[in-house]
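Undergrad: Any chance you can model this:
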Amino acid sequence: MFSIKMRASKKGNHISGAETIVDDEKYIELTTNEFIKRALSHENGAPDFINIKIERINKNEITYINHLPIKTINCKNKEEAREIAKDILKNEGINDDLIKKAFKIIDKGGMRGASILNLKGERLEPDKERGVRVKNISTTKELKEKILKNNIGTDRTVDAIAIASKVISLGVIAELCTSDNKSYTTGYIATKDGYFRITNLKRGNEKGGRVFFVKNDVNIDDLIYKLENKPYIVK
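TA: Numbers count the residues shown, from 1 in each chain. Sure thing, here's the model as predicted:
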């Protein structure tokens, strides 16, 4: 099996990224071409740098997990969407000040990965500009088809459910995310109770980002290592 990752940037600023795990060499070229096309046609602009990384993975090292239940919450505007998001996060023991700080982080945008906040409001990611990327993830073909054919979500949902399911399985309390695609306004909250797609969590042309909320006693080095290196396939 092979992990395929793409990262695109312009003048050092992150534009887009994608990754998957394929089970046969014959899919490498097809997937790589798809990722390159995605990078070149991204709405945030044409990159001046595209990095493709292909690594063989021992299939015995892969962890298979079930996806979080997917629930869509339709909101008429950003204000309503954020109130609903706050309620979901508060239900996980996250206070107002911490939620406000998390929204400031994602609204600022520009990070390749996620910020990590503990319940005291401390940022734990080593590089505050880069953040922490969740890597070595994929969904099964069956899950992707289920999401797309049943109109449960989009290609972005497929990518996001892989990230969210892995993150929550590793003990993260909750994830808050909005897309760095300027026109895509649906964001999500992930918790142990599900993956909550929330429409209009940001306005069009606004930036996006993601934040992971963790316990105060988290082993941050171990968590980051697993987020970045432990291969997961979500089914």
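Undergrad: Please make it C-alpha for all contacts and neighbour counts, starting now.
TA: Fine.
Undergrad: so where's the protein shaky on pLDDT?
TA: Within the chain, the set of residues satisfying pLDDT under 70 is empty.
Undergrad: for it, what spans make up the strands?
TA: Using DSSP state E, the strands assigned to the chain run over residues 2-10, 13-22, 49-56, 63-65, 70-73, 115-118, 137-139, 174-178, 187-191, 194-198, 209-214, 232-234.
Undergrad: Dump the ones you listed into JSON lines; add distance to residue 30 and mean neighbour count as well.
TA: Rendered in JSON lines, the data for the strands of the chain read as follows (distance: least, C-alpha to C-alpha, whole Å; neighbours: other C-alpha atoms under 10 Å):
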{"stretch": "strand 2-10", "distance to residue 30": "11", "mean neighbour count": "20"}
{"stretch": "strand 13-22", "distance to residue 30": "10", "mean neighbour count": "21"}
{"stretch": "strand 49-56", "distance to residue 30": "13", "mean neighbour count": "14"}
{"stretch": "strand 63-65", "distance to residue 30": "24", "mean neighbour count": "14"}
{"stretch": "strand 70-73", "distance to residue 30": "28", "mean neighbour count": "15"}
{"stretch": "strand 115-118", "distance to residue 30": "32", "mean neighbour count": "23"}
{"stretch": "strand 137-139", "distance to residue 30": "16", "mean neighbour count": "26"}
{"stretch": "strand 174-178", "distance to residue 30": "28", "mean neighbour count": "25"}
{"stretch": "strand 187-191", "distance to residue 30": "29", "mean neighbour count": "26"}
{"stretch": "strand 194-198", "distance to residue 30": "29", "mean neighbour count": "22"}
{"stretch": "strand 209-214", "distance to residue 30": "29", "mean neighbour count": "26"}
{"stretch": "strand 232-234", "distance to residue 30": "19", "mean neighbour count": "23"}
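Undergrad: how about those in CSV, adding distance to residue 95?
TA: Rendered in CSV, the data for the strands of the chain read as follows (distance: least, C-alpha to C-alpha, whole Å):
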stretch, distance to residue 95
strand 2-10, 34
strand 13-22, 30
strand 49-56, 39
strand 63-65, 30
strand 70-73, 22
strand 115-118, 11
strand 137-139, 30
strand 174-178, 12
strand 187-191, 15
strand 194-198, 19
strand 209-214, 11
strand 232-234, 30
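Undergrad: Of all the ones you listed, which one is nearest residue 129?
TA: Among those, strand 115-118 comes nearest to residue 129, with 9.0 Å by C-alpha to C-alpha.
Undergrad: just how off-centre is the closest one within its chain?
TA: Counting by C-alpha atoms, centre = their mean, to the nearest Å, strand 115-118 is centred 14 Å from the centre of its parent chain.
Undergrad: Most remote residue from the middle of this protein, which is it?
TA: The outermost residue of the chain relative to its centre, with distances by C-alpha atoms, centre = their mean, is residue 26 at 26.8 Å.
Undergrad: Tell me how far that one lies from residue 32.
TA: Between residue 26 and residue 32 the distance, using C-alpha to C-alpha, to the nearest Å, works out to 11 Å.
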